[in-house]
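Visitor: whatever this is, show me its structure:
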Amino acid sequence: MRPLVAETRAGAVPTSDARLSITQHRRFAVFAWGVLAYNVAVILWGALVRATGSGAGCGGHWPLCNGDVLPNVSQAGTVIEFTHRVMSGLALIVVAVMFGWARKTYPPRHRARRWAIWSLVFILTEALLGAALVLLGHVARNESAGRVYSLATHLVNTFLLLASLALAAWFATRPEVQPSAPRKTRPLVLSASGPLVALVLVAVAGAITALGDTLFPAHTLVEGVRADFSSTASFLIRLRIIHPFLAVAAGFLIALVAFPEYRARHTARLRALSGWLLALFAAQMAVGGASILLQAPVAIQVLHLLIADVIWITLVLFTAERFDAPAPVRK
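Guide: Model (predicted):
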């Protein structure tokens, strides 16, 4: 077999095979980051479907739209919902392509390949859960408890999909740690997994809050506050007060984990991710406050979700890098 590295007087020089392998890895990494960005766009369009009440734009039909492959697009709700279905179908295709590319490019135990496999699993369950929302009627003006459970399950799966896509791209970008290299890594303890769980809970509470704002919009801040404490208001309205308290608690927890890593400077990547986490949470608090004061306009809801998705992706990568970084030496 032709060696990947040729020894010369100047040192190790990559052969043509090695250069080809590096090029393939770089191309896959670029594609994987693109797939992640595209899936975030699909999620944001899904939020637009919910915020505009367009979830029933294709009726109770799935995968057809109002019983047709190409529906009549005379109504805005149909256009918004059908566009989301087309985008979701394309997301399934590009993730499947990423999966096949990873199998061709990386050995079985490589982490980019492993997370590409999980990405395919979660994009398939994402499609099934999306279909269930339509077939069960958990769309448009439905305010049942069943819709809340469906919404929460869908959101958790979406977060798992984003985590898998992000890790596939991350491990395709950074050098893979050699299994034979002796390393003393940090254990994955509560300090690492706790912020992830907290952020999922915040996201679920945020989804319930957004649903309540969509179904029962308040015209003024005073009207919204009164509804929060009204015994006759829908449970979706009474639950939304939980979200800001959970968000502050989760932000505090993440700051407790991220700030020491930012100051410690164990690795450049870990320090950068720590800084981004702190900055993103500060921005999210500001946007969340604006959403409350302005009674959750659609544009701010979409921006709020975008920052939430970026925070989740950053936290996942931060946790992976923190777990993979060498443990600090105690003196």
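Visitor: what's the burial count for residue 39?
Guide: 24 (other Cβ atoms under 10 Å). For the C-beta atoms, the positions are set from N, CA and C on the backbone; glycine is no exception.
Visitor: please name the nearest non-neighbouring residue to it.
Guide: residue 91 (5.5 Å; Cβ to Cβ, 6 or more residues apart in numbering).
Visitor: what residues are up against that neighbour?
Guide: By Cβ atoms under 8 Å, 6 or more residues apart in numbering, the contact set of residue 91 is 35, 38, 39, 42, 123.
Visitor: need the pLDDT of the last one.
Guide: By that I understand residue 123. Note on residue 123: pLDDT of 97.
Visitor: how much space separates it from residue 160?
Guide: Distance from residue 123 to residue 160, counting by Cβ to Cβ, to the nearest Å: 10 Å.
Visitor: give me the more crowded residue out of these two.
Guide: Neighbours were counted for residue 123 and for residue 160 using other Cβ under 10 Å; residue 123 has more, 24 against 18.
Visitor: count of neighbours near residue 226?
Guide: Neighbours around residue 226, by other Cβ under 10 Å: 13.
Visitor: before we move on, back to that, distance from the chain centre to the helix or strand the residue nearest to residue 39 falls within, please.
Guide: Using DSSP states H and E, residue 91 sits in helix 76-105. Its chain's C-alpha centre and that of helix 76-105 lie 15 Å apart, by Cα atoms, centre = their mean, to the nearest Å.
Visitor: same thing with stretch 90-107?
Guide: The mean C-alpha position of stretch 90-107 is separated from the chain mean by 18 Å, Cα atoms, centre = their mean.
Visitor: just the C-alphas of that stretch, formatted as CSV.
Guide: The C-alpha coordinates for stretch 90-107 follow below in CSV (Å, rounded to 0.1, in the frame of the first residue of the first chain):
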residue,chain,number,x,y,z
LEU,A,90,-35.0,18.4,1.5
ALA,A,91,-33.5,18.3,5.1
LEU,A,92,-34.1,14.5,5.1
ILE,A,93,-32.3,14.2,1.8
VAL,A,94,-29.2,16.2,2.7
VAL,A,95,-28.8,14.4,6.1
ALA,A,96,-29.0,11.1,4.2
VAL,A,97,-26.3,12.3,1.8
MET,A,98,-24.2,13.4,4.8
PHE,A,99,-24.6,9.9,6.3
GLY,A,100,-23.5,8.2,3.1
TRP,A,101,-20.6,10.6,2.7
ALA,A,102,-19.4,10.0,6.3
ARG,A,103,-19.5,6.2,5.8
LYS,A,104,-17.4,6.6,2.7
THR,A,105,-14.9,9.1,4.2
TYR,A,106,-14.3,8.0,7.8
PRO,A,107,-13.5,4.7,9.5
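Visitor: buried ones in that stretch, by neighbour count?
Guide: 91, 94, 95, 98, 99, 101, 102, 105, 106 (16 or more other Cβ atoms under 10 Å).
Visitor: could you count how many residues lie near the closest residue to residue 174 other than its chain neighbours?
Guide: Spatial nearest neighbour of residue 174, chain neighbours left out: residue 269 (7.2 Å); criterion: Cβ to Cβ, 6+ apart. Here the number of neighbours of residue 269 (other Cβ under 10 Å) works out to 18.
Visitor: rewinding a little: which of the contacts of residue 91 sits closest to residue 143?
Guide: Closest to residue 143 out of the contacts of residue 91 is residue 42 (24.9 Å), distances taken as Cβ to Cβ.
Visitor: per-residue confidence for that closest one?
Guide: Reported pLDDT for residue 42: 97.
Visitor: likewise for the one 10 residues further on?
Guide: Among the per-residue scores, residue 52 holds a pLDDT of 85.
Visitor: what of residue 262?
Guide: 80.
Visitor: what sits up against the helix or strand in which it is found?
Guide: Using DSSP H and E, residue 262 falls within helix 242-264. Here helix 242-264 makes contact (Cβ under 8 Å, 6+ apart) with 191-192, 194-195, 198-199, 201-202, 205-206, 208-209, 270-271, 273-275, 277-278, 281, 284-285, 288, 292, 315, 318, 322, 328.
Visitor: buried stuff in that helix?
Guide: Buried residues in helix 242-264, counted by 16+ other Cβ under 10 Å: 242-244, 246-247, 250-251, 253-255, 257-258, 261-262.
Visitor: list the buried residues of the helix or strand harbouring residue 292.
Guide: In this assignment (DSSP H and E), residue 292 forms part of helix 268-293. In terms of neighbour count (16+ other Cβ under 10 Å), helix 268-293 has its buried residues at 269-271, 273-274, 276-278, 280-281, 284, 287-288, 291-292.
Visitor: please save the CA atoms from stretch 46-54 in CSV.
Guide: Extracted C-alpha coordinates of stretch 46-54, given in CSV (Å, rounded to 0.1, in the frame of the first residue of the first chain):
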residue,chain,number,x,y,z
GLY,A,46,-41.5,25.7,11.5
ALA,A,47,-41.8,28.4,14.2
LEU,A,48,-43.3,30.7,11.5
VAL,A,49,-45.9,28.0,10.7
ARG,A,50,-46.9,27.9,14.4
ALA,A,51,-46.8,31.7,14.9
THR,A,52,-49.0,32.3,11.9
GLY,A,53,-51.4,29.5,12.7
SER,A,54,-50.6,27.8,9.4
